[in-house]
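Asker: sequence plus predicted model, see below.
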Amino acid sequence: MERSVLCIAGALFGRPFLLEAKRLGWRVYLLTEEKYLHEAWPRDHLDDIFAVPDLYDEKVVRNVVTYLARTIRFDRIVGLGEFDIEVAAALREHTRIGGMGETTARYFRDKLAMRMKARDEGIRVPDFVRILYHPDIAEFMERVEPPWVLKPRMGASSAKVRKVYHAGEVWECLEQLGDKQSSYLLEQYVPGDVYHVDSVVWNYKPVFAVASRYGVPMLDLNTSGGIFTTRMVRRNSDEDRALKKMNAAVIKAFGLKQGVTHIEYIRSRNDGQFYFLEAGARVGGARIPDVIWHATGVCLWHEWARLELRDDDRYAPPKPARNYGGGIFTLAKQEWPDMSAYTDPEICWVQRKRHYAGLILASPDPDRVEELLAQYYPRFVQDFMAHVPPDRAKV
């Protein structure tokens with residue numbers, strides 16, 4: 001009997017998952033929002049595509065999916081993007097279709113829930129306080145030196161995150177938020193380098209993991225501007241081992257049985273320790289999976305599809321190549337940037353997109369990747385860089 005998967009995507013995202021699902025022999029259905037209905041979806045690999053006005057109107061989405069389920073037997077439901085995880089989890093709970101439920105999904109969506117769980121499990125996190133009982137907030141600000149970071153509990157990357165410097169500013173922000181303030185948390189600002197570990201998870205353990213370091217942290221990019229870079233760290237180095245050990249602890253603590261993760265950490269400039277920042281049970285954005293694929297030959301989207309749509313309880317982890325990857329990307333002031341001056345043999349991919357410039361590098365030597373990124377950064381600033389308000393900036 002043919003099996004069917006319903007994929008949830010609130011934007012044009014996850015094409016490799018859709019293609020792999022079809023290659024594996026599944027009937028593939030897509031649910032998106034009306035404003036994305038006419039995007040360049042791989043329609044020749046989809047059995048049908050549906051749209052709702054607002055993908056996060058839980059009642060409407062539930063009614064639409066259960067109506068469709070009268071004539072389509074959905075064997076799996078998968079949320080492809082950051083904001084789609086909770087939608088898919090709620091649908092799985094309601095329909096009792098197997099997969100990650102709302103409790104586990106909360107650890108990968110709610111920044112307060114993930115911090116509390118990590119702290120309870122003995123994993124280092126920046127000091128924080130929930131925005132609920134105001135005396136607790138006042139005590140936190142007396143105890144923890146500013147600056148602090150006020151951030152929404154739900155949301156991807158550094159969207160709507162604000163750095164605040166004194167108590168009066170915090171109270172003013174909370175007054176402006178009104179009844180929405182409980183959907184935020186206040187956290188100690190930890191200066192340092194930000195890392196990400198991207199993993200394939202099987203039976204609560206990462207069976208494939210790549211540790212990488214950002215150049216300019218996303219919070220600084222979105223507030224001060226700059227160019228996005230990432231590079232893989234040297235395998236078996238002290239930072240690689242420390243990151244992967246903490247990463248395995250986070251995945252176990254959050255109870256993810258199978259799937260893919262993109263988890264971020266920061267190494268404090270003050271004490272040199274790694275701290276957990278936030279986790280996503282999804283493939284990372286900003287071309288990170290492409291960097292990993294060009295360096296290792298492992299497509300995280302394909303592995304995710306293989307895990308979600310497997311026939312039995314067996315899974316063979318991928319066997320990666322041993323190269324190192326890096327990437328550099330920026331919004332460009334030109335409509336179609338001319339990248340012809342960038343000719344180093346380590347360049348394995350060039351971005352072709354209106355008002356974007358980007359390159360992916362691969363080399364057996366991580367120092368060579370770092371050297372090229374250091375060379376390209378000032379050239380990208382001079383040749384291409386444009387900065388727009390953070391709510392319009394998407395890589």
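Answerer: Perfect, thanks for sending it.

Asker: roughly how far apart are the residue nearest the centre of the chain and Ser199?
Answerer: With distances taken as CA atoms, centre = their mean, the chain has Gly284 as the residue nearest its mean C-alpha position (3.8 Å). Going from Gly284 to Ser199 by CB to CB, to the nearest Å gives 10 Å. The way it works is simple: take the backbone N, C-alpha and C, and place the C-beta from them, glycine included.

Asker: same deal with Glu303?
Answerer: 10 Å.

Asker: overlap of the contact sets of these two?
Answerer: By the contact definition CB atoms under 8 Å, 6 or more residues apart in numbering, Glu303 and Ser199 are jointly contacted by Phe208, Val260.

Asker: returning to that earlier point: check the secondary structure at the residue nearest to the centre of the chain for me.
Answerer: The three-state assignment at Gly284 reads coil, by DSSP: H, G, I helix; E, B strand; the rest coil.

Asker: leaving out sequence neighbours, find the closest residue to it.
Answerer: Leaving aside its chain neighbours, Gly284 sits nearest to His262 (3.6 Å; criterion: CB to CB, 6 or more residues apart in numbering).

Asker: wait, isn't the one you found in contact with His196?
Answerer: Yes - using CB atoms under 8 Å, His262 is in contact with His196, at 6.1 Å.

Asker: quick check: neighbours shared by the two?
Answerer: If you check His262 and His196 against CB under 8 Å, 6+ apart, the residues they both contact are Gly284, Ile288.

Asker: given whichever strand or helix holds the residue nearest to Gly284, what are its sheet partners and their directions?
Answerer: Using DSSP states H and E, the element containing His262 is strand 258-268. Here strand 258-268 is paired, per DSSP bridges, with strand 192-202 (antiparallel), strand 274-280 (antiparallel).

Asker: ok, which of those strands comes nearest Ala321?
Answerer: Closest to Ala321 of the strands paired with strand 258-268, according to CB to CB: strand 192-202, at 15.1 Å.

Asker: do you know how far Val125 is from Glu82?
Answerer: Counting by CB to CB, the gap from Val125 to Glu82 is 20 Å.

Asker: equivalent analysis for Lys160, please.
Answerer: Distance of Lys160 to Glu82, computed by CB to CB: 13 Å.

Asker: so those two - more neighbours on which side?
Answerer: Glu82 (24 against 14; other CB atoms under 10 Å).

Asker: so the residue nearest to Arg115 when sequence neighbours are not counted: helix, strand or coil?
Answerer: Taking CB to CB, 6+ apart, and ignoring the residues beside it in sequence, Arg115 has Val125 as its nearest neighbour in space, at 5.1 Å. Classification of Val125 by three-state DSSP places it in coil.

Asker: okay, buried residues for stretch 99-112 please.
Answerer: Across stretch 99-112, burial judged by 16 or more other CB atoms under 10 Å covers Gly99, Met100, Thr104, Ala105, Arg106, Tyr107, Phe108, Arg109, Asp110, Lys111, Leu112.

Asker: ok, the last one - contacts?
Answerer: This means Leu112. Applying CB under 8 Å, 6+ apart, we find Leu112 in contact with Phe128, Arg130, Arg153, Leu185.

Asker: do the third one as well
Answerer: Contact partners of Thr104, counting by CB under 8 Å, 6+ apart, are Ala89, Phe254, Gly255, Leu256, Ala281.

Asker: is it true that the third one touches Ala105?
Answerer: Read it as Gly255. No - in this structure, Gly255 is not within contact of Ala105 by CB under 8 Å, at 10.3 Å.

Asker: need phi/psi at Phe83.
Answerer: Dihedral pair for Phe83: phi -80, psi -10, per degrees, to the nearest 10.

Asker: thought it was touching Ala9?
Answerer: No - contact criterion CB under 8 Å: Phe83 and Ala9 do not qualify, at 9.6 Å.

Asker: hey, what's in contact with both of the two?
Answerer: Joint contacts of Phe83 and Ala9 (CB under 8 Å, 6+ apart) do not exist.

Asker: tell me where this protein is predicted with low confidence.
Answerer: 156-159, 217-225, 387-395 (pLDDT under 70).

Asker: domain parsing for it?
Answerer: Domains of the chain are assigned by automatic domain parsing as 4-99, 127-188, 192-392.

Asker: looking at those, which is nearest to Lys117?
Answerer: Checking the domains of the chain against Lys117 by CB to CB gives domain 192-392 as the closest, at 5.9 Å.

Asker: show me where the stretch 201-350 of the chain has helices.
Answerer: Using DSSP state H, counting those that start in this stretch, the helices of the stretch 201-350 of the chain run over 218-224, 238-254, 288-296, 300-308.

Asker: make a markdown table out of those helices and add distance to Ile347.
Answerer: As requested, these are exported to a markdown table (distance: least, CB to CB, whole Å):
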| stretch | distance to Ile347 |
| --- | --- |
| helix 218-224 | 22 |
| helix 238-254 | 25 |
| helix 288-296 | 10 |
| helix 300-308 | 22 |
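
Asker: closest to Gln375 out of the ones you listed?
Answerer: Nearest of those (CB to CB): helix 288-296, 17.5 Å.

Asker: tell me which other helices or strands the closest one touches.
Answerer: Counting contacts by 3 or more CB pairs under 8 Å, 6 or more residues apart in numbering; DSSP states H and E, helix 288-296 packs against strand 192-202, strand 205-214, strand 228-232, helix 300-308, strand 324-331, strand 347-350, strand 356-363.

Asker: what's next to it, contact-wise?
Answerer: Contacts of helix 288-296 (CB under 8 Å, 6+ apart): 196, 198, 210, 212, 230, 232, 262, 283, 298-301, 318, 320-327, 348-349, 360, 362.

Asker: name the nearest of the contacts of Thr104 relative to Val149.
Answerer: Within the contacts of Thr104, the smallest distance to Val149 is 21.6 Å, found for Phe254 (CB to CB).

Asker: give me the phi and psi angles of the closest residue to the closest one other than its chain neighbours.
Answerer: Nearest residue to Phe254 in three dimensions, chain neighbours excluded: Tyr107, at 4.1 Å (CB to CB, 6+ apart). Phi and psi for Tyr107, reported as degrees, to the nearest 10, are phi -70, psi -20.
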